[in-house]
Every structure is written in C-alpha cells, then in structure tokens.
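Colleague: pasting the sequence and the predicted model now:
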Amino acid sequence: MGLSALALISVSALALAGCATSNDDAAAPDADSSAIISTNGSEPQNPLIPTNTTETGGGKITTSLFAGLVSYDADGAIENEVAKSIESDDATNWTVTLNDGWTFTNGEAVTSSSFVDAWNYGALYSNAQGASYFFDDIAGFSYDADSELTGLKVVDDTTFTVELSSPEADWPLRLGYTAFMPLPSVAFEDMAAYGENPIGNGPYMLAEEGAWVHDEGINLITNPDYDGVRKPVNGGLDIIFYATQDAAYADVQGGNLDVLDAVPDSAFETYADEFGDRSVNQPAAIFQAFNMPYYLEHWSGEEGELRRAAISMSIDRAEITDVIFQGTRTPATDFTSPVIDGYSDALEGSDVLEFNPDEAVKLWAEADAIAPYGDTTFDIAYNSDGGHQAWVDAVTNSIKNTLGIDAVGKPYPTFAAALDDRSNEKLTGATRAGWQADYPSLYNFLAPLYKTGAGSNYEGYSSTEFDTLLEEGAAAETVEDATAKYQEAQEVLLKDLPTIPLWYSNVVGVWSESVNDVVFGWDSVPLYFQITKG
Amino acid sequence: MLWYTGRRLLQMIPVFFGATFLIYFMVFSLPGDPIAALFGDRQPSPAVIEQLRAQYNLDKPFIVQYLIYIGNFFQGDLGTTYSGRAVSDVMAAAFPITFRLAMLALAFEAFFGIIVGLVAGLRKGKLFDASALVVSLLLISVPTFVVGFVLRLVFGVQLGWFRTTVSGAAPWGELVLPAIVLASVSFAYIVRLTRASVADNLNADFVRTATAKGLSRRRVVTVHVLRNSLVPVVTFLGVDLGSLMVGAIVTEGIFNINGVGGTVFKAIKLGESSTVVSFIAVMVVIFVVANLLVDLLYAALDPRIRYAK
Amino acid sequence: MPNKPGQAHFVAELEDTPVAAVDRLDENEKARSTWADAWDSMRRRPTFWVSAVLILLIVVVALFPTLFTQVDPRQCTLGNSNGDPTAGHPFGFNRQGCDVYSRTIWGTQASLTVGLLAASIVTLFGIIVGALAGYYGGWLDAVVSRIGDIFFAIPTVLGAIVLMSVLPTATPITVAFVLSVFAWPQIARIMRGAVLSASNSDYVMASTALGVSKFRILLRHVVPNAIAPVIVIATVSLGTFIVAEATLSFLGIGLPPSVMSWGNDIGTAQTSIVTSPQVLLYPAAALSITVLAFLMLGDILRDALDPTARATR
C-alpha cells in the first residue's frame, strides 16, 4: 500500500458510514416529530464556547448545537458533516473540502474561515482555552506565547489546508471532538456574550435567547436548516441539570424525565428489573485504573515491577465488577476501551490482569527477597466526592485477602486536594486514575497518560521503548499499521505497569415508556437526534 | 426598644468583617490549586492555568485577595464564579428558593413540633408521650439522606403524591416534601424541648396559682403553660433558620433543588472564595436579624424580660 | 397532677400546691446542695437504673469489643456481599461482605467518642458562655452573641474540609472537635434565653434583696433553673452528632473508611437500602438505643434538678 491508499481508506470509510444513516424510516409511525425529549445533564463549567468545553456537561450541549467537519456514529466511526472530504498524501499536509449550503442559525454561511478562525481562537495562548492543546500538532502552535496557527491556510470559501508538525495517520478521527467546531463571525465580537447564547450549525439550536437557565437546564429545539447526518426526528431537547445521578434516576422513575444516561449506585441491582428493555448496559470509552508512583520506596526498579504485577494479579476484577458494580463495569484487558477500533483482549502479557492469587503471592515473595516490604500499609488515594469508595474498599480488601498485607483506601475531601498531592509527588501509595476518551482513538488513551512528560502523566512514567512505538504508530501510513504499533506499545505498558488497569466503565442508561429508538453512542451520550416520542 | 434594635443592627458591621475575613481565610487554606482541579483528569497546558490564576487573583497573597474582594464588595461587585457568572446572579437565583424551603420547613417543625411536644408534655409517661419519643428517636438516628431517599421513593415514585424532584422554578407546592425531610431532625428537637418545658411549667408557681384561681384547664395550658414554655423553643427556631438555609445540602441534593446549601457546598469544594464569602456574608446578616427578632419575641412571651436599658 | 380536662375545680388539691413540700420540711436536716438532692431523687427512679445500665453496657462495648464478638470486622469477602444472616453472623453481611454484627460492635467506640465528646464540649462551653451572656448582658452579651453568629454562619462542611486537610488523619476526636466548633452557639443561645427568663424570677429578686452576691446567685439559682432546655438539647444532640458524622461521611468529608463507626456504615448503606435494608438497620438501631439511653437519663436529670417538680413526689 502506498501513501495514496491512506487517503482512499479514510474517504471510503466516511462515505460508507454516510450511506448507513437514514433515520427517517426508523421513526415509529405514531411518533410526534415536534415532541420535546427531556434528558439529564449538568451545569456546563464554562460558557458554551466549543474550544473551552472539556467536560461532559457542556460537551453534551455543544455536540448538539454544532456540526463539525465530521461527527461520530454509534460505534465511533466518523461520518462527514460539513466536510466533503479530508485528504492527505503524507499524513502531514491535509486538504479539507467543505460541502456547500451549510449555514449557522443566524443565516451566516459556514466557510473555511469559520473553522480556521475558530481553531486559531482556541489555540491562542492569551485566550486560555481549556482545549487549546488539541491544536498543538498544527504547525505554528505555541504553549507560551501568542502565535498564529501558520499551518492553517484558507484556499477558498470551501477549501482549507492543514499542515501538521508531524505525520498523523488518524488525524481526521479527532475532528468530531467539540474543540474543532466552526464559529460564526459574530462570536468573535463578544465571546462571553456568545457563550451565553451560542449560535451553531448543528442539529439543534437554543429555543430562544436565554434558553440556558443556569443550574436548572437548557432548552434546545430542532434547527430547521440542518441537513447533515444527524437530522432530528423529534422537536427538541430539554436538558435538565442534576446535581446527583440519584435525583435524575428518581425523575425517570417518577415520569419527569425521558432519557437518563447514568444509573446511580443505589439502583445497580434494580434498574434492569425495573426498566427491562428500556435500559442499556454496554461498554463505554472510559478506562479506570490506579497508579503506583515510582518515587516511593519499594515501587521502583525490579522490586517495583514484581510488586506491581503481584498487586495486579491479587485483584479479582471479575468478582468486583460483578458484585460491587452489578456488571456495569467490564474487567480491563488493555489500556484503552472495547468501543475503540484496535481494542484487544489478547495482548501479550495481558494475563497479568487476571486474578491469580498463587502467582501474586509468589511474585510478592520474590520482591520481598530484594527488599522486605515490612508492615507498611498499602493505600489507594481517591477523591471522596466521586463515588469511588465502594470499589476502592473492594480492591483493597482483595489485595489484603490475597497478599496478607494491610491495604486501605485513603480519601481526600476534594479533587483539588487529591490532585495537589499527586502533582507534587506527595502520595504515600497508589492513586486512583481514570480517562475518558475525547475522540475514539487508541492514541488518545495512551499519549496523554504515559508518554514521557505528557500533561496527564502525573506519576512520571518514562519509557523510550514506549515513546518510540507511539511515534511510529502516529506516523504509520495506514490505520492498521498504527493500531499494530499502539498494541505493541501497550505490551510495553503491561510489562511495566505504570498504571494497574481495573475495568472499563459501561454506559448504563434507562428511559421512560414514552420514548423509542434510544441508542447510546460510543461516548456514553444517547444519539438524541434519533429518539422518537409519542 | 428602638435604641436596642438600632444598637443591635450596628453590631452587624464588626460581625460582617469578622465573618468575611475568617471565611475568606478558610477557603484560602483549602488544599490544592482550585484552577487545576477544574479540569479534572484532563489537564490543560500550565500556561492556561497560570492565566486563569491571575484572572481570579489567586496568584496574590491572601491579604491582598481579601482586600480586593472587600473593595469590590463595596462597589457592588461580588466577584465571579469560576464559570464566569456574576456571584450576584447566582445569589439571586438561589436565595429565593432556599428562603421558601426554609420557611416551609420552619413552619412545619414549629407547628407540628409544638403541638406534639405540648400534648406529650401534658400526658407525660402516657402512650402518646411514648409514641412521640419513638418517632423522635427514629428521626434522630436515621440520617436525612436516608429519610429523604425513602420518602422520595415512597411518596414520589411509588405513590406519586409528590413530584420526585423539584423543577427549576421551585414553586411552593413542590417544596412540601423536601421541607418535611429538611424539618425532620429539628422537629424531633422541638418535640423534646416543648415537652420538657411544658412538663416543667406545669409545676411552676404561676400555673398553680392560675389553677388555684380556678381558671379552666384550656386557659391554663394555652395562656400560662404554653406561652412560658416557648422561650427555649423560639430560641431554637431562631438558630435553626440558619441551619435550614446553609445546612440543606443533602436535602437539596436529593430533590435537585438549586439552593444556597448546595451552591455553597459546591463552591467550597471548588475553592471558589468569592461565592462562599458572599453567600455567608448574607447568611450572617440573616442570623443577626433572626436573633434580634427572637430577642424581641422574648419580651412578648415573658413579660419579665425587658430591654429598656 | 392537674385535673382531667373539663373537670372544673376552684380549690387546688393539696399535692398540687407547694404547701405539701412545706409540710414535709424537716428543720433538723442539714441544708443540702441542689446536686445532692438531685442524686437522691434520681436513684429512686427505676428508669434511671435502666438508662444507667444501658449506658454502662454501651461503654463496655466501646471499650472491650472483643468481649462481644470474635469475628474480625475487617475480614471481608465479596462472596458474602449483602448476604443474609448465617450461623456466627447474626446480622448478615454488608456490600463489601463484612460481618454487620461485628462492625456494629466495633463501630461503637468511634461513634460514642464523637457523640459524647462533641455533646460534652458543646454543652459545657455553651452553658458557660450562654449563662454569662444572658446574666450579665451589656457588652459581654453583645460580643459573645455576635461571635456566636459568626461561628454559626460558617458552614460545618467548610470547617470540616479545612480541618481534615490540615490534619494528617481524621479521627473521631477531630470530627467531634469540628462538630463542636460550629455547634456551640446553639446551646449558648438557648442557655442565654433561659437565663434571661430565670434571672427575672422572684427567687432571684429575693436573693438579690437578701444581699447574696451576683455570681453566687448565678451559680446557685439561675443556672439550675435555666438548665432544663439545655439538657434536652444536649441529649438529643448527642444522637445528632453521631448522625452528623454519618452525613459528613456521606458527603465525603467524615472519618476515613478505615475507621469503623456507625456513621460510616450508615453512610455507605444508602446504596443498599432497597435491596439489603439490614445493612442500614443494625447500626441505626445501635444508634437509636444509645440516644434513647441518654434521652432517658437527661429526662430524669432534668426532673431531679427542678426543685418544683421534685416537691410533688
């Protein structure tokens, strides 16, 4: 396969996916196309500016308000929206061609500049946008000074080119993420005001000026001019903000809410009986683990390697996911997620993730021969406001029962407190770690967390072997080659265990009798546009 | 009386400065960098964090931060939240809802608490007294998060008598069930307090005198026993108003009410000093006024107490 | 006792009047303190002994848990999760598969420490501060009451988070301390109100007229007559402090899960209320019994300290 094959593959994948979606037939015959679907959400952390929306509360809304170059289908494959094609011969220089006829809801046409200006805004140092690092592989990006993304060039109204600083075969895969949405020119006049009443080009739009009532909810209605692959068959969305999942669940039970995308702990045992086929429990792109810092005594070098493997093998993941989570988690077999293309349950060395008490005791004893562990307590740090206590207790009990060491959970009152000890290397033991993918790619699960010096690599893991494989994967000519490299890179991780994988969070959702055709996407959010009601 | 009231209101000034300083300092001492924590597991570049820290004055020493806050406060600017909203807007949304909820809860606990306590006190040792004790014990030993969860399940989900959560506008009707939950523990306090005071006063000289004078029992109970028993109860209600407003974290969470307790709790966890301090400053004012009202009520309830100093 | 409703009468019965007490006056008896009198009257009441034995039992459980259970409360296997009672495990198992009976026994110590310690600090401090403020009034009242307002306005959760972060580990003592710091103004206010009432009563006026010193009047007459509502609040708050610890745990800022307490168990039981109510039932029942014992004791103590109530028996 030559370089041109790459472009062909990506384009045909887009085209195929585009064909597969025709939702008009899916609607139930008596469905009311003006019905409003109510669903749960949470108060966005920031004004609704796509490049500053990095959390799920705001992400759910911006995804509905905007259409990017591509969007993701239920399986996480990309489908063209505004893009007609995204092509490259060398995985470094990309040419993006737009479809004609797209407009923002204020009538302005969506052009190349709508994207280029928005991305430049998001990347600019002094704009301090939370998602700025998504642009760091575009030529001209700077982390410490204002600089233009020189890699972005507008050719004409429907064409622009992108120059990356290094080749990336799966670059188009990330373009459905909210950071890459276009902005109308009115946004740049007063970004703060725009963030309160955003104007987009997506399947939905704000019901009216001020439709976002802070801490209460936001009302969206169908955008009549939208003609992409996510054409709504309902009249709109009422996203109601909840402080707890528990309250939202009670509202579905009480008939005040149509669709809920998260079932609380207290209903794990009962939701399936109560909602039957109006519920879903499927893997999602969320990876859960805990990390062992290298700076602690007993946890570095050969001794640390043995101990990490022993700890990993002393955890009965199957039983914990079954009993504590009632099957709403899936035991981990790699470092990514089953919903991502390239996920594998057969990586070399993945038996270290299986419960094996005899081997665990043996490895622990071998480590003790190097340096005796003594009666130090093994602790797992977590922020106590995130619902982690139940599994931490179960994991520490499992370790304790297998290895005979004292193991306990170590709660921090706030996330800030936990993060502080983590980033200042003041941990006394392991720490909870988790990652939800921004876009469906293996790379997004690996690079930010384990690459030398990466932003979320708090415990300071560094492996030349891993870094090299990651770079080779990114620069690979085909997606298949890239996947192979990324899997090889994970085999390095399985040997080093900088993190001890636990399980993948499932998306567990329920919905009321009044709605139909509820399908959850790869990102744990329902595909709202195809829900029918009535 | 007027002089007394005026002097009490003037005392608000030192209380305001004391409270805001103390709370600002406490929020300042919270561990960790609040800005970094905003981004969760997905950290942005350090440059972004630095800029945001500067924007919220978090890069300055404590005393400077406090003085900036106070300076802005007196220009009518209460600061902004980390999501860029004016704190005054957040207050305008949360306080009316919480006020309605607290008033309802206060009314419930006062009305039912005093009646049950009065009857229990009059029939001390009888069946009613014992039942009241059992109910109080139950309410004391089962935490609000359990009481709220169960009541919502039974009356909201299963029987459908109440809406399971409170909608955004939080009308009075929807706040009834949350108010009952919120009032439950204080109800137990008031029953015990009233019962004890009533039982006490039944033996007091003025009751004997009234009885000896030949007043009807109803009159003795309502005019002499009850009125004199209310001093500790009214004091308790005055103090409780504050706990009902700031302490409603759990109840607000269960019924998804966008009120003061939940907002302050969230702000504390985020380390958002301007929100916490502004809300608590208002609470302090409410306290001072509520306690003043209680003190003025004393004089009405117990003619021997006078403030004509 | 007064007459039944509707039964009008014009002359009080003898036992309803202080005359009965005067009739029993023994002029040869030495003058006795209020407290000695109280003890005399208390020990004659059976409920006193019931509550005393209960409290003693609870204290023994707290101090020597191994006398009551040999099961290791930290030996938890998920295979037993939310399991029903079996031989040797009379209360069944919790979500983590730990023995509920054993945990309830072992949790007594932490919970009792939190409840007793917080209630004692709050009551003692509240009585002193409230009595001085109510009795002397003036600037002392103003300063003390306004400091109380400040402390009461500070959310307990804020104090808890700050303190828990400053201290390396949260123990029952730190939790008790946090709870007391923000709860004393309540008792102080109630004491102050009761003292305001009591210090205007006839016997205080009489003592003043007799030339007894002001402070002596406060100790001998005002405090004993004002203390009734405080005892009620103190005994009830003993229970609410234990529950407050549970709420703090529920909000993620209480005792760490490695400390066994009823509060921690109640806090985690919330997730299993529907399916396994036993997990909540037993620690809550233990808490109820403790509160009941202290409520009864408080009731009797209050009666005993009230000279008019005693006179009629």
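Modeller: Alright, I've got the coordinates.
Colleague: who's in contact with B:Phe111?
Modeller: Residues counted as contacts of B:Phe111 (Cβ atoms under 8 Å, 6 or more residues apart in numbering or on different chains): none. Quick note: C-beta positions are derived from backbone N, CA and C, even for glycine.
Colleague: which pLDDT value belongs to it?
Modeller: For B:Phe111, the model assigns a pLDDT of 95.
Colleague: can you confirm it is in a helix?
Modeller: Yes - using DSSP: H, G, I helix; E, B strand; the rest coil, the assignment for B:Phe111 is a helix.
Colleague: look up how far B:Val166 lies from it.
Modeller: The spacing between B:Phe111 and B:Val166, counted by Cβ to Cβ, to the nearest Å, is 22 Å.
Colleague: give me the three-state assignment for C:Ser207.
Modeller: Under three-state DSSP, C:Ser207 comes out as helix.
Colleague: and chain C, which residues reach chain A?
Modeller: Counting by Cβ under 8 Å from any Cβ of the partner chain, the residues of chain C close to chain A are C:74-79, C:81, C:95-97, C:160-161, C:164-165, C:251-253, C:256-258, C:268, C:270-275.
Colleague: contacts for the strand or helix carrying A:Ala310, please.
Modeller: Taking DSSP states H and E as the definition, A:Ala310 sits inside helix A:301-313. Helix A:301-313 has contacts (Cβ under 8 Å, 6+ apart) with A:292, A:294, A:298-299, A:352-357, A:359-361, A:363-364, A:366-367, A:370-371, A:373, A:378, A:399, A:403, A:430, A:495-497, A:500-501.
Colleague: just checking, what packs against whichever helix or strand comes after it?
Modeller: Counting by DSSP H and E, the next helix or strand C-terminal to helix A:301-313 is helix A:317-323. Helices and strands touching helix A:317-323, by 3 or more Cβ pairs under 8 Å, 6 or more residues apart in numbering or on different chains; DSSP states H and E, are strand A:329-331, helix A:389-403, strand A:499-511.
Colleague: direction included, what does the last one pair against?
Modeller: Taking DSSP bridges as the criterion, strand A:499-511 forms sheet pairs with strand A:259-260 (antiparallel), strand A:279-291 (antiparallel), strand A:329-331 (antiparallel).
Colleague: run through the residues of chain C next to chain A and flag the ones next to chain B.
Modeller: With Cβ under 8 Å from any Cβ as the criterion, these include C:Ile161, C:Ser165, C:Leu251, C:Gln270, C:Ile273, C:Val274 near chain B.
Colleague: now the stretch 151-300 of chain C against chain A: closest residue?
Modeller: Among the residues of the stretch 151-300 of chain C, C:Gly252 lies closest to chain A, at 3.2 Å counting by Cβ to the nearest Cβ.
Colleague: just the pLDDT for that residue.
Modeller: On pLDDT, C:Gly252 comes in at 79.
Colleague: so it, which of the three states?
Modeller: Secondary structure, three-state DSSP: C:Gly252 is coil.
Colleague: point out where the chain drops to low pLDDT.
Modeller: Went with chain A since none was named. For chain A, applying pLDDT under 70 flags the ranges A:1-31.
Colleague: wrong one, chain B
Modeller: Chain B contains residues with pLDDT under 70 at B:305-309.
Colleague: identify the residues contacting residue 142.
Modeller: You didn't say which chain, so I picked chain A. By Cβ under 8 Å, 6+ apart, the contact set of A:Ser142 is A:Tyr125.
Colleague: that was the other one, I meant chain C.
Modeller: B:Arg7, B:Gln11.
Colleague: for C:Leu67, give me its contacts.
Modeller: Contacts for C:Leu67 (Cβ under 8 Å, 6+ apart) come out as C:Val60, C:Val61.
Colleague: got the phi and psi for it?
Modeller: For C:Leu67, the backbone dihedrals are phi -70, psi -20 (criterion: degrees, to the nearest 10).
Colleague: got the confidence number for it?
Modeller: In this model, C:Leu67 carries a pLDDT of 89.
Colleague: distance of it relative to C:Tyr135?
Modeller: As judged by Cβ to Cβ, C:Leu67 and C:Tyr135 stand 47 Å apart.
Colleague: swap in A:Leu306?
Modeller: Relative to C:Tyr135, A:Leu306 is positioned 71 Å away (Cβ to Cβ).
Colleague: ditto for B:Val231
Modeller: In terms of Cβ to Cβ, B:Val231 sits 15 Å off from C:Tyr135.
Colleague: around the closest residue to chain B within the stretch 51-200 of chain C, count how many other residues there are.
Modeller: Nearest to chain B in the stretch 51-200 of chain C, going by Cβ to the nearest Cβ, is C:Asn200, at a distance of 3.6 Å. Applying other Cβ atoms under 10 Å in any protein chain shown, we find 15 residues neighbouring C:Asn200.
Colleague: not counting sequence-adjacent ones, nearest residue to residue 116?
Modeller: Going with chain A. Distances taken as Cβ to Cβ, 6 or more residues apart in numbering or on different chains place A:Leu152 nearest to A:Val116, at 4.7 Å, with adjacent residues excluded.
Colleague: should've been chain C
Modeller: Closest residue in space to C:Leu116, ignoring its immediate chain neighbours: C:Leu238 at 6.7 Å, by Cβ to Cβ, 6+ apart.
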